[in-house]
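Engineer: curious how this folds, go ahead:
(2 chains)
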Amino acid sequence: MINYGGIMKSCIKFISFTLLFLSMFISKSWAEKVTVITPYLAQPGTQMYVEGFKNEASKKGWDLNIIDTKGDVAEVISRIEDAVNQKVDGIVINVDPSQIAAGLEVAAAANIPVVGMDSGADPLLVTNVTSNGYAMAAETSVYVANRIEGKGNVVMFVFDAFPPVQIRGVIADAVFGNFPDINVMDRITPDVQDGGIADSRAKMEALLTANPEAGSIAAVWAAWDQPAIGAMQAIEAAGRSNEGIVIVGIDANPQARDAISQGGNFEASIAQDFVGIGSATANAIGRAMSGEEIKSKVIYVPTVLITSANVGD
Amino acid sequence: MKILNLIKKYGTLIGFIGIIIFFTFNLPSTFLTAKNFINISQQISMLAVVAFTMTVVMVMNDFDLSVGSMASLAGIVAAVLFSMGYPIWIGILAALFVGVIGGLFNGFLVSIIGILPFVATLGTLTMFSGFAFLISGGRTIFGRDIPSEFSSFARSGIEISSLDLKIPFLSILALLILFIVWFILEQTTYGRRLYAIGGNTEASFLAGIKVKQLRLSAFALTGVGAAIAGLMYSSRVASSNPTQGSGLMLEAIAAVFLGMTMSEEGEPRVLYTLLGVLILGVLDNGLTQMNVDSYIREVLVGFIVILAVAFSSITKKRN
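Structural biologist: Numbers count the residues shown, from 1 in each chain, chains lettered A, B, ... in the order given. You can find the predicted model right below:
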């Protein structure tokens, strides 16, 4: 007994599967190929970049390949070489470009555009998409100046040895210097071996002891969140939370957000739009792949000031 | 029966050729090209150097788990000296010296003190890594601190203008080390004695082979190999990072094991180690080009290593 129905069914199944595969193959071969290579996919920030990138890439119908080299920078070079060999249309990297120049040169020789996703600028990159460190520092320092109504003693926590943080200090110096009644009483570089909180706390405790009268310290401006948290802990431990000392940080890490939501001295920090950086990177590489010349070597994605008003969003 | 023997003997090689054929069909225009294979040779050069010199200790049934940390440490030592303004040759010599000393220390622990290689080199793995962090202060040394002459080595090669190809110096260096290790292991009495120790340590000792000295020197060779790989890595990324070599150790051991499945006696042979390294490198390259997820790639590579070794141990048992 031959089961014709069964044979027909399997024939149809076979044909539809073949068609499905064929259509997948065709659409794949027509879609533009973009490869994203990062050694840091395990880090939360990078995952948000990649999430933003993926969303944008799927809208554009790209054939996307995301490669995690798990901390191995040399492998980033190898994978760039593979992507170039595979003749992809565009490459996105998320690692210091000066360390992967060997791979960037290979891509440049093949005329394949490479865009940095918060990687640092480099002549071999079409552009680098990141947050504006200058603007972030300007927002928080102006927030401080306005909150203390342009007068009082300000403590600054800086770290000039690390360029991305150094530029934040430069801007805060300029803003505070522009208010005649604001006095930068100390410009502290904390020891960051322990993460930056403990030593900042110790330095702040010393300052509080040296300036015991209420109102002698109006605000603490920190170039990143950890010193701000250390300063807050010192102020709380000294029982001086009610003096209205304004504390601000930068980066809006979870600990800082938690402190801001408590409504205490730690009033503001600034958040980078990681997902936004990802989607802006996708737009940049898309423009580069279509042959558009991108003039600026850096593209900035706006940041958001986080205060008790929007910390819950 | 003959075919079975053939598969037994050349199973891994057949597997390798199978992988090549698979990628050639799936990537018709980009995989089987001279340029891609030159690429692969450069990509695997650092792993290859570590795996070749790892073969030297594995010949004696020993292990060296500290090679990855040594590669990191050597790169850091050179970079720190560069950043202090010392000339390139001093940085390189110092890194190689650290490799010799570290290797001798491993050898001392294993052959003189008599600690199991697994335990001794696990200890030095941590020590060397700690030193790398200590000397560098935990940071990556890059930028102006690394002389451009040093980093351009990894970007240059011998141009063959008639074919429009460039044979990278990194690949040439790896080949040179392959030749040296092959010569030492296969062409000298020293090498034959190492194999004798691997065959039967007791008997070798009774036969008058200076087991202790030989093991000591073999570990020193492995240490130097790791240091060379570390320098190659630093040159390729124009920087040194205290964790840069950490991925090398397990892959090197996997490569030697893959190679061992080729030899009838199950001994490590450096030319077979080359095949092991090639399998790993070709898989990485081909699967990346086929857009296979990097985590799936990792699972596949591990599975293939197990498959090859399992296959060879099953067929050998039947023998």
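
Engineer: low pLDDT regions in the chain?
Structural biologist: No chain specified, so I'll use chain A. Within chain A, the stretches falling below the threshold (pLDDT under 70) are A:1-30.

Engineer: nope, chain B
Structural biologist: Filtered on pLDDT under 70, chain B yields the residue ranges B:1, B:316-319.

Engineer: tell me which parts of it are close to chain A?
Structural biologist: With CB under 8 Å from any CB of the partner chain as the criterion, chain B meets chain A at residues B:27, B:29-30, B:33, B:35-36, B:39, B:42-43, B:46, B:140, B:142-143, B:151, B:154-155, B:233, B:236-239, B:241, B:243-244, B:246-247, B:284-285, B:288-289, B:291, B:293-295. Every residue, glycine included, has its C-beta placed from N, CA and C.

Engineer: show me what the helix or strand harbouring residue A:279 is packed up against.
Structural biologist: Per DSSP states H and E: residue A:279 is located in helix A:274-289. On a contact count with 3 or more CB pairs under 8 Å, 6 or more residues apart in numbering or on different chains; DSSP states H and E, helix A:274-289 meets helix A:44-60, strand A:90-93, strand A:114-117, strand A:127-130.

Engineer: would JSON lines of these with mean neighbour count and distance to chain B be doable?
Structural biologist: Output for the helices and strands packed on helix A:274-289, formatted as JSON lines (neighbours: other CB atoms under 10 Å in any protein chain shown; distance: least, CB to the nearest CB, whole Å):
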{"stretch": "helix A:44-60", "mean neighbour count": "18", "distance to chain B": "12"}
{"stretch": "strand A:90-93", "mean neighbour count": "27", "distance to chain B": "12"}
{"stretch": "strand A:114-117", "mean neighbour count": "28", "distance to chain B": "16"}
{"stretch": "strand A:127-130", "mean neighbour count": "23", "distance to chain B": "16"}
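
Engineer: out of these, nearest to residue B:217?
Structural biologist: Evaluated over those, closeness to residue B:217 peaks at strand A:90-93, with 42.9 Å, by CB to CB.

Engineer: mind giving me the packing neighbours of the closest one?
Structural biologist: Applying 3+ CB pairs under 8 Å, 6+ apart, we find strand A:90-93 packed against strand A:33-38, helix A:73-85, strand A:114-117, helix A:274-289.

Engineer: out of the ones you listed, which one sits most buried?
Structural biologist: Among those, ranked by average contacts under mean count of other CB atoms under 10 Å in any protein chain shown, first place goes to strand A:114-117 (a mean of 28).

Engineer: can you list contacts of it?
Structural biologist: Identification of contacts with strand A:114-117 by CB atoms under 8 Å, 6 or more residues apart in numbering or on different chains yields A:36, A:38, A:49, A:53, A:80, A:90-94, A:97, A:104, A:107-108, A:122, A:124-130, A:277-278, A:281, A:284-285, A:288.

Engineer: one more: stretch B:279-286?
Structural biologist: By CB under 8 Å, 6+ apart, stretch B:279-286 touches A:78, A:82, B:12, B:15-16, B:19-20, B:22-23, B:26-27, B:31, B:36, B:39-41, B:43-44, B:47, B:251, B:254-255, B:258, B:297, B:300-301, B:304.

Engineer: in stretch B:157-167, what's buried?
Structural biologist: Across stretch B:157-167, burial judged by 16 or more other CB atoms under 10 Å in any protein chain shown covers B:157, B:166-167.

Engineer: what's the span of that stretch from first residue to last?
Structural biologist: The straight-line separation of the ends of stretch B:157-167 (CA to CA, to the nearest Å) is 5 Å.

Engineer: which strands and helices lie in contact with the host helix or strand of residue A:231?
Structural biologist: Applying DSSP H and E as the criterion places residue A:231 in helix A:225-237. Helices and strands touching helix A:225-237, by 3+ CB pairs under 8 Å, 6+ apart, are strand A:151-157, helix A:197-210, strand A:219-222, strand A:246-248, helix A:254-262, strand A:266-271.
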